[in-house]
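Peer 1: quick one: sequence plus predicted model below, questions after.
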Number of protein chains: 2
Amino acid sequence: MAIKLYELCGRDPGQLFSPHCWKVRLALRHKGLDFETVPVPFTKIPDVEGGASKTIPVIRDGDKVVADSFKIAEYLDETYPSAPTLFGGEGGRQLSRFVESWSQRVIHPALAKMLILDIHDILSDTDQAYFRQSREKAIGKPLETIVEGREAHVEAFLKSLEPLRGLLGSRSFIGGETPLFADFIVFGPFQWARVASAFSILPKADPVAEWFERCLDLYEAEGRKVPAAA
Amino acid sequence: MAIKLYELCGRDPGQLFSPHCWKVRLALRHKGLDFETVPVPFTKIPDVEGGASKTIPVIRDGDKVVADSFKIAEYLDETYPSAPTLFGGEGGRQLSRFVESWSQRVIHPALAKMLILDIHDILSDTDQAYFRQSREKAIGKPLETIVEGREAHVEAFLKSLEPLRGLLGSRSFIGGETPLFADFIVFGPFQWARVASAFSILPKADPVAEWFERCLDLYEAEGRKVPAAA
């Protein structure tokens, strides 16, 4: 039986934009596992698998329900060891946490600051109300104020990518000549930006942009199945 | 026969301060390998192993001469596979390059900007002349100007450590519950700062400082064998 993948969606159920869900989608493709998607809007997350988790992605694989993108990747590598590896061994599993920490503290907040209103705009009316209220309460500002003058943040953001850019000068993927889960960890937020917003951030000739295009091409261009925001 | 490790030294041959040499010193201790040190001042590097490399560390292991800290770690893990691993497998080897890229683009330049004059000051007279001329030519400023107002850079530097700090909230080492070469990669520049300069950067209660102290304690407190600058 195919694995069930619960993924966050916008107003259109095909508009899959969650960075963390994308990590898992590419992980499943990387391992060559069959899966079916269950698109879930923000306000329906409490219904997923009887309230299994406050966040998605969640997967069901037979009797097993697993939440959290990193834990799902660990589950997949342990459960399907003969399929291509996501971590490349124990050291890779440990250091993927450093990549995750970097991505979530450098890339996610910077993109959220520039794109939070665009993310709001692709949601259903019910989700928009929830999203605006919860985010504005957490951040203490209207979404419109958060993204004000966002053009001014692009340069510092591009500079903060220097560790990734430097690495990609001598290799195709973060994982080396072929991708690892570490690539999907960093792909997630860039795909979030691509699907939710037309705001241009990465110059085409940036090695990070070239790497992102390579990731979009993986597994019969899985990442391109959802169109970029126009 | 013991491995020979060529390490950069200050005016005092016991004053080992090079970040890259420290990575290798801890790697050799981690693997439990016998080694003897050959302290080398900057201006004597061309004499090491008949000009084998423009930089040190260099090791000689029997007939084999290897330069570059990362390549030395790879050599040691391949050559002594039954000793404790430095990478934890192929994925760990690949992702250690990301940690290296982050360390060299975030930590090294920030520390160099604050400490370059202190580093100059621990060198022999001959090395001081070489160091000042080469660095001032490369950077285009007198060393004294580079470090001017360095107190103002501490806050931004501490903020740039957030990906490491966040990771260390839930684990003892970058490698997990035990260290990997990735730990030594990041230890190197902090040890460089500790040995060369009394300028205070990390607050004691910072999880990064606590991790650094744990690294100093490793292998019978190898890192404490060279005293902190007074």
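Peer 2: Received, thanks.

Peer 1: so A:A2 touches A:D34, yeah?
Peer 2: Yes: assessed by CB atoms under 8 Å, A:A2 is found in contact with A:D34 at 4.2 Å. Glycine gets a C-beta too; all of them are placed from N, C-alpha and C.

Peer 1: which of the two has more neighbours?
Peer 2: Using other CB atoms under 10 Å in any protein chain shown as the criterion, A:A2 and A:D34 rank with A:A2 on top: 12 against 8.

Peer 1: how far away is the more buried one from B:D68?
Peer 2: The gap separating A:A2 from B:D68 is 47 Å, by CB to CB, to the nearest Å.

Peer 1: so where do the helices sit in chain A?
Peer 2: With DSSP state H, the ranges of helices along chain A come out as A:19-30, A:69-79, A:90-102, A:108-121, A:125-139, A:143-146, A:154-160, A:162-168, A:181-196, A:207-221.

Peer 1: export those helices to TSV and tack on mean pLDDT?
Peer 2: Below are the helices of chain A laid out as TSV (pLDDT from 0 to 100):
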stretch	mean pLDDT
helix A:19-30	98
helix A:69-79	98
helix A:90-102	98
helix A:108-121	98
helix A:125-139	97
helix A:143-146	97
helix A:154-160	98
helix A:162-168	98
helix A:181-196	98
helix A:207-221	98
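
Peer 1: and those as JSON lines, adding distance to chain B?
Peer 2: Output for the helices of chain A, formatted as JSON lines (distance: least, CB to the nearest CB, whole Å):
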{"stretch": "helix A:19-30", "distance to chain B": "13"}
{"stretch": "helix A:69-79", "distance to chain B": "10"}
{"stretch": "helix A:90-102", "distance to chain B": "2"}
{"stretch": "helix A:108-121", "distance to chain B": "10"}
{"stretch": "helix A:125-139", "distance to chain B": "18"}
{"stretch": "helix A:143-146", "distance to chain B": "20"}
{"stretch": "helix A:154-160", "distance to chain B": "9"}
{"stretch": "helix A:162-168", "distance to chain B": "4"}
{"stretch": "helix A:181-196", "distance to chain B": "6"}
{"stretch": "helix A:207-221", "distance to chain B": "12"}
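
Peer 1: could I get those helices as JSON lines with mean neighbour count and distance to B:T145?
Peer 2: Putting the helices of chain A into JSON lines (neighbours: other CB atoms under 10 Å in any protein chain shown; distance: least, CB to CB, whole Å) gives the following:
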{"stretch": "helix A:19-30", "mean neighbour count": "25", "distance to B:T145": "43"}
{"stretch": "helix A:69-79", "mean neighbour count": "19", "distance to B:T145": "45"}
{"stretch": "helix A:90-102", "mean neighbour count": "25", "distance to B:T145": "32"}
{"stretch": "helix A:108-121", "mean neighbour count": "19", "distance to B:T145": "31"}
{"stretch": "helix A:125-139", "mean neighbour count": "14", "distance to B:T145": "40"}
{"stretch": "helix A:143-146", "mean neighbour count": "15", "distance to B:T145": "39"}
{"stretch": "helix A:154-160", "mean neighbour count": "14", "distance to B:T145": "23"}
{"stretch": "helix A:162-168", "mean neighbour count": "19", "distance to B:T145": "24"}
{"stretch": "helix A:181-196", "mean neighbour count": "26", "distance to B:T145": "37"}
{"stretch": "helix A:207-221", "mean neighbour count": "16", "distance to B:T145": "32"}
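
Peer 1: out of the ones you listed, nearest to B:Y219?
Peer 2: helix A:90-102 (18.9 Å; CB to CB).

Peer 1: CA atoms only: put stretch A:119-126 into CSV for me.
Peer 2: Extracted in CSV, the C-alpha atoms of stretch A:119-126 (Å, rounded to 0.1, in the frame of the first residue of the first chain):
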residue,chain,number,x,y,z
ILE,A,119,2.1,33.3,1.5
HIS,A,120,-1.0,34.7,3.2
ASP,A,121,-2.4,35.6,-0.2
ILE,A,122,-2.3,32.0,-1.7
LEU,A,123,-4.4,30.6,1.2
SER,A,124,-8.1,30.0,1.3
ASP,A,125,-10.3,32.6,3.1
THR,A,126,-10.6,30.5,6.2
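
Peer 1: other residues contacting that stretch?
Peer 2: Contact with stretch A:119-126 is made by A:10-12, A:15, A:17, A:41-43, A:112, A:128, A:131-132, A:135, A:143, A:192, A:195-197, A:229, as judged by CB atoms under 8 Å, 6 or more residues apart in numbering or on different chains.

Peer 1: do stretch A:70-78 as well
Peer 2: A:23-24, A:27-28, A:31, A:33, A:57, A:59, A:61, A:64, A:66, A:83, A:85-87, A:93, A:96-97, A:100, A:181, A:184.

Peer 1: one more: stretch A:151-163?
Peer 2: A:102, A:106-107, A:110-111, A:113-114, A:201-203, A:206, A:208, B:98, B:101-102, B:105-106.

Peer 1: repeat that with 7 Å
Peer 2: A:V106, A:A110, A:K113, A:M114, A:I201, A:V208, B:S101, B:W102, B:R105, B:V106 (CB atoms under 7 Å, 6 or more residues apart in numbering or on different chains).

Peer 1: between those, which is closest to A:G166?
Peer 2: Once CB to CB is applied, the member of the contacts of stretch A:151-163 that ends up nearest A:G166 is B:S101, at 4.7 Å.

Peer 1: wait, that closest one touches A:L167, no?
Peer 2: Yes: judged on CB atoms under 7 Å, B:S101 makes contact with A:L167 at a distance of 4.2 Å.

Peer 1: no further queries at this time; thank you.
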